[in-house]
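Q: Dropping the sequence and predicted coords here.
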Amino acid sequence: MNQKISRRQRSAPTISDVAASAGVSPMTVSRVINGEANVRAATRDLVNAAIQQLGYAPNRAARSLAGAEELRIGLLYSNPSAAYLSEFLVGGLDQASRGNLQLIVEQCEIDNQEVKAAEHLIRIGIDGVILPPPLCDSQPVIDVLQKAGIPMVVVASGRPPADISAVSIDDERAAFDMTCHLGRLGHRRIGFISGNPNQTASGRRLDGYKRGLESMGIAFDPALVAEGLFTYRSGLDAAERLLDLKEQPSAIFAANDDMAAAAVAVAHRHGLDVPSDITVCGFDDTALATTIWPELTTIHQPIRDMSQAAMDLLASEIRARRGPMRPAPKHILLDYTFVRRQSDAAPRRRPSARA
């Protein structure tokens, strides 16, 4: 009997299912569910029809729980990767619909408006805040929220503060695994496009790359590391620097899929076939990884699951704080997955360099 109930719960429609059925974004579904006025009548009808057809019941379970009052959760973001942000939003909206949470999304510019955006969330009476990258490492934002006594969860920080709840993966180990995979294929000159130096996860992935080289008996060459910013544009520039080297790398490992996709484009511009002439691998496994050709070998970071876990963790912490004792911060480490697709192969047309 318990197995049947569990199976039925797992197959319950989500906000993403409603969005797909209605042909709209999850954010639009959320607006309809929350009764917001800025939705066209025709769109509202489509969403409501999809809700009825699928039997979607937002917040039903949560509202039946004693003390599960609606919480207002702020999502403060400034991520340059649209693919990453899309995955993160879908996860957050799904969890909001299940947990009696109202998700308020606030965009800001990093190093410019992030503190003002955080102060705005405080003024409108937010109950807690989710900080995905890069704001997970913004000390000014963290300081403002802590001073106001606002609970928060940082997501995907390479080194989350001990006194703040966090959700992440082992970035260093994941980059180590990818580098070792390339070494086992026979690559000796492995280029690396690092991420934004202001993000701690970037340093962790670079550390994993270096440790992977060492474990494969490959000497580290600083010339094979090109700094990026986790953006497609920065990936173009970084890949150009690597392919302009007198002795080109036979493989490029980029610290996210956006920069890896850019490296594929630059390789093609140089007349190189991927993966026959050069291997290119990424990190994150966003939708972009399977919308380019060849599809990217990458590290699957469970972005949607991380967002859901952060929402659930934050809601639990907020509700626990309203009890007699303040809960201790929790650090949740989720599993990553190595995903091999068509963008990698053994070096075939270029002699290997000596380590």
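A: In hand now; what should we look at? Numbering: from 1, shown residues only.
Q: so S307, which of the three states?
A: For S307, the assignment made with DSSP: H, G, I helix; E, B strand; the rest coil gives helix.
Q: So for it, what's the nearest residue that isn't a sequence neighbour?
A: G91 (3.1 Å; CB to CB, 6 or more residues apart in numbering). Any C-beta I mention is one placed from the backbone N, CA and C, and that applies to glycine too.
Q: what number of residues lie near the one you found?
A: Residues lying near G91 (other CB atoms under 10 Å) number 24.
Q: P347: what's it in contact with?
A: Taking CB atoms under 8 Å, 6 or more residues apart in numbering, we find P347 in contact with 185-188, 250-251, 279.
Q: Now do it against R189, distance only.
A: 9 Å (CB to CB, to the nearest Å).
Q: Pull up the overlap in contacts between those two.
A: With CB under 8 Å, 6+ apart as the test, P347 and R189 both reach 250-251.
Q: Am I right that R72 sits in a helix?
A: No. R72 sits outside any helix when classified using three-state DSSP, being strand.
Q: Can you get me a residue count around it?
A: R72 has 15 nearby residues by other CB under 10 Å.
Q: Kindly report the same for L185.
A: By other CB under 10 Å, the residues close to L185 number 16.
Q: Hmm, R340 and it touching each other?
A: No. If you go by CB atoms under 8 Å, L185 and R340 don't touch, sitting 10.3 Å apart.
Q: Now do the contacts for A118.
A: Shown in contact with A118 (CB under 8 Å, 6+ apart): 76, 129, 141, 144-145.
Q: Quickly find the element holding it.
A: helix 114-123 (DSSP states H and E).
Q: mind listing the strands for the stretch 51-200 of the chain?
A: 71-77, 101-107, 128-131, 152-155, 165-168, 190-194 (DSSP state E, counting those that start in this stretch).
Q: Paired strands for the third one, with orientation please.
A: Applying DSSP bridges to the sheet, strand 128-131 is found paired with strand 71-77 (parallel), strand 152-155 (parallel).
Q: Of the ones you listed, which shows the lowest average pLDDT?
A: Among those, strand 71-77 carries the lowest mean pLDDT, a mean of 94.
Q: how much distance is there from that strand to the middle of the chain?
A: Using CA atoms, centre = their mean, to the nearest Å, the mean C-alpha position of strand 71-77 is found 16 Å from that of the whole chain.
Q: got it, and stretch 277-292?
A: Counting by CA atoms, centre = their mean, stretch 277-292 comes out at 15 Å from the chain centroid.
Q: avg pLDDT for it?
A: Stretch 277-292 comes out at a mean pLDDT of 97.
Q: Just give me the neighbour total for the residue nearest to I104 when sequence neighbours are not counted.
A: Once flanking residues are discounted, I104 sits nearest to G74: 5.0 Å by CB to CB, 6+ apart. By other CB under 10 Å, the residues close to G74 number 26.
Q: OK, contacts around G74?
A: 104-106, 121, 126, 128-130.
Q: and those residues as JSON lines, adding pLDDT?
A: Formatted as JSON lines, the contacts of G74 follow (pLDDT from 0 to 100):
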{"residue": "I104", "pLDDT": "94"}
{"residue": "V105", "pLDDT": "92"}
{"residue": "E106", "pLDDT": "90"}
{"residue": "L121", "pLDDT": "94"}
{"residue": "I126", "pLDDT": "94"}
{"residue": "G128", "pLDDT": "97"}
{"residue": "V129", "pLDDT": "98"}
{"residue": "I130", "pLDDT": "98"}
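Q: Out of those, give me the one that has the most neighbours.
A: In terms of neighbour count, V129 stands highest of the contacts of G74 at 27 neighbours, by other CB under 10 Å.
Q: Give me the buried stretch members for stretch 291-305, please.
A: 292, 294, 296-305 (16 or more other CB atoms under 10 Å).
Q: Would you check the distance separating it from the middle of the chain?
A: Relative to the centre of its chain, stretch 291-305 is centred 11 Å away, using CA atoms, centre = their mean.
Q: can you pull out the helices in the stretch 251-355 of the chain?
A: Remark: helices assigned in the stretch 251-355 of the chain by DSSP state H, counting those that start in this stretch are 257-269, 303-321.
Q: do you know which of the ones you listed lies nearest R40?
A: helix 303-321 (27.4 Å; CB to CB).
Q: residues making contact with the closest one?
A: 67-68, 71, 73, 84, 87-92, 94-96, 99, 101, 103, 127-130, 132, 151-153, 155-156, 165, 167-169, 284, 286, 326-327, 329-330, 332, 334.
Q: the inter-axis angle of that helix versus strand 101-107?
A: Comparing the axes of helix 303-321 and strand 101-107 via axes from the mean of the first three to the mean of the last three CA atoms, to 10 degrees yields an angle of 120 degrees.
Q: now the angle from the helix or strand encompassing G235 to helix 257-269?
A: If you go by DSSP H and E, G235 is part of helix 232-243. Interaxial angle of helix 232-243 relative to helix 257-269 (the same axes, to 10 degrees): 50 degrees.
Q: Tell me the buried residues in helix 232-243?
A: Across helix 232-243, burial judged by 16+ other CB under 10 Å covers 232, 234-239, 241-243.
Q: any idea how far A263 is from C136?
A: Shown here: C136 relative to A263, a distance of 25 Å by CB to CB.
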